[in-house]
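>>> With the input below, show me the fold.
(one chain, ligands or ions: 1)
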Amino acid sequence: MGGVQVRATLLQIEVDPAETAADRRRRAAALVRAQAGADLVVLPELWPVGAFAADDFAKEAERAGDGPTAEAMSAAARDAGVWLHAGSVVERDPWPDGQLYNTSLLFAPDGALHTTYRKIHRFGFDRGEAVLMAGGSHIVTAALPHAVLGLATCYDLRFPELFRGLLDAGAGILVVPAGWPARRLAHWRVLVQARAIENQAYVLACGTAGTHAGVPQAGHSMVVDPWGTVLAEAGPGEEVLTATLDPDLVTSTRSDFPVLRDRVLGLPPVS
Ligand SMILES: O=C(O)CCC(=O)C(=O)O
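Coordinates of the predicted model:
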């Protein structure tokens, strides 16, 4: 990254079933290339296939390291010279007969795959992702030049203990790609802000636009600072959202208003 400030761009891409995954990959790659000059670019959850398009998960599954999304995003990150959180893909591992995972891909500015994160909490209760995919079992952070990213995905937002794990692992910028449905937009806005306030961290929450598998998407990608202030918020349609982050604000918020120091851990239950 260039300096003390982090120029972040969230690409709230529309997922339209009339567009093929291959066409959407080309469009997303062009959007990433247009962000040259940013430090960190973020795409949403499962944007190649659609987060609710469960019937297509197996067909669109790919390898995390060198599948079609990884190849397109690696080249786009390198061409733009940006850190790229390329959202998530349906990963099959081992290839070609293994389990499906909802796996996020983080590329370095030279195009190398830096880190992957398998979504831990699977959404759908007894349907969709919850039955078709396996859950991840690792908390994942990534140390970038001026900040540590903590990775989570969509439904993970509802599980504050995961974010405490990311906080304890050193994260100051929490990155949450999502495919959040419009009917629970109110939950999204509150949860994104809450994760920022309670962990005194930036939250970059990038959703999708459009309707796929009959589920209208919320859009409303958000950038929230460690004090809980919403720095930028998208509308419901496709949008490029930008914000400038100051990693020192994480440190100063935590020392000026030191609530994290007052955590009380490991209390025994009353029997
Ligand atoms: O928790 C929710 O309301 C939405 C979660 C979701 O859509 C997902 O994880 O894909």
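
>>> May I see the buried residues of stretch 131-141?
Of all the residues in stretch 131-141, those buried under the rule 16 or more other C-beta atoms under 10 Å are 132-133, 136, 139-141. For glycine as for every other residue, the C-beta is placed from the backbone atoms N, C-alpha and C.

>>> Over the longest helix along the chain, what's the mean pLDDT, rounded is fine.
Counting by DSSP state H, the longest helix found in the chain is helix 185-199. The predicted model gives helix 185-199 an average pLDDT of 98.

>>> One more: stretch 5-18?
For stretch 5-18, mean pLDDT is 97.

>>> Any buried residues in it, and which?
Of all the residues in stretch 5-18, those buried under the rule 16+ other C-beta under 10 Å are 6-15.

>>> circling back: what is the orientation angle of the next helix or strand after the longest helix of the chain with helix 185-199?
Counting by DSSP states H and E, the next helix or strand C-terminal to helix 185-199 is strand 202-206. If you take axes from the mean of the first three to the mean of the last three C-alpha atoms, to 10 degrees, strand 202-206 sits at 160 degrees to helix 185-199.

>>> now for strand 202-206, which elements pack on it?
strand 6-12, strand 40-42, strand 173-177, helix 185-199, strand 222-224 (3 or more C-beta pairs under 8 Å, 6 or more residues apart in numbering; DSSP states H and E).

>>> got JSON lines for those, with distance to F257 too?
Shown next, in JSON lines, are these (distance: least, C-beta to C-beta, whole Å):
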{"stretch": "strand 6-12", "distance to F257": "22"}
{"stretch": "strand 40-42", "distance to F257": "25"}
{"stretch": "strand 173-177", "distance to F257": "18"}
{"stretch": "helix 185-199", "distance to F257": "10"}
{"stretch": "strand 222-224", "distance to F257": "16"}
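
>>> Among these, which comes closest to A28?
Comparison of these against A28 by C-beta to C-beta identifies strand 6-12 as nearest, at 6.8 Å.

>>> gap between that closest one and the chain center?
Mean-position distance between strand 6-12 and its chain equals 11 Å (C-alpha atoms, centre = their mean, to the nearest Å).

>>> Identify the neighbouring strands of that strand in the sheet and state each direction.
Strand 6-12 pairs in its sheet with strand 40-42 (parallel), strand 239-245 (antiparallel), by DSSP bridges.

>>> between the longest one and strand 173-177, how big is the angle?
Interaxial angle of strand 239-245 relative to strand 173-177 (the same axes, to 10 degrees): 170 degrees.

>>> Now do strand 239-245, average pLDDT.
The average pLDDT for strand 239-245 rounds to 98.

>>> circling back: indicate which one of the helices and strands packed on strand 202-206 is closest to the ligand.
For the helices and strands packed on strand 202-206, the distance to the ligand is smallest for helix 185-199, at 5.8 Å, taking C-beta to the nearest ligand atom.

>>> Alpha carbons only: can I get that closest one in PDB?
The C-alpha trace of helix 185-199 is given here as PDB (Å, rounded to 0.1, in the frame of the first residue of the first chain):
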ATOM      1  CA  LEU A 185     -31.500  -5.100   5.000                       C
ATOM      2  CA  ALA A 186     -32.300  -3.700   8.500                       C
ATOM      3  CA  HIS A 187     -30.300  -6.500  10.100                       C
ATOM      4  CA  TRP A 188     -27.400  -6.000   7.700                       C
ATOM      5  CA  ARG A 189     -27.000  -2.300   8.600                       C
ATOM      6  CA  VAL A 190     -27.100  -2.800  12.300                       C
ATOM      7  CA  LEU A 191     -24.800  -5.900  12.300                       C
ATOM      8  CA  VAL A 192     -22.200  -4.200  10.100                       C
ATOM      9  CA  GLN A 193     -22.100  -1.200  12.400                       C
ATOM     10  CA  ALA A 194     -22.200  -3.300  15.500                       C
ATOM     11  CA  ARG A 195     -19.200  -5.400  14.500                       C
ATOM     12  CA  ALA A 196     -17.300  -2.100  13.900                       C
ATOM     13  CA  ILE A 197     -18.300  -0.600  17.200                       C
ATOM     14  CA  GLU A 198     -17.700  -3.600  19.400                       C
ATOM     15  CA  ASN A 199     -14.300  -4.400  17.900                       C
END
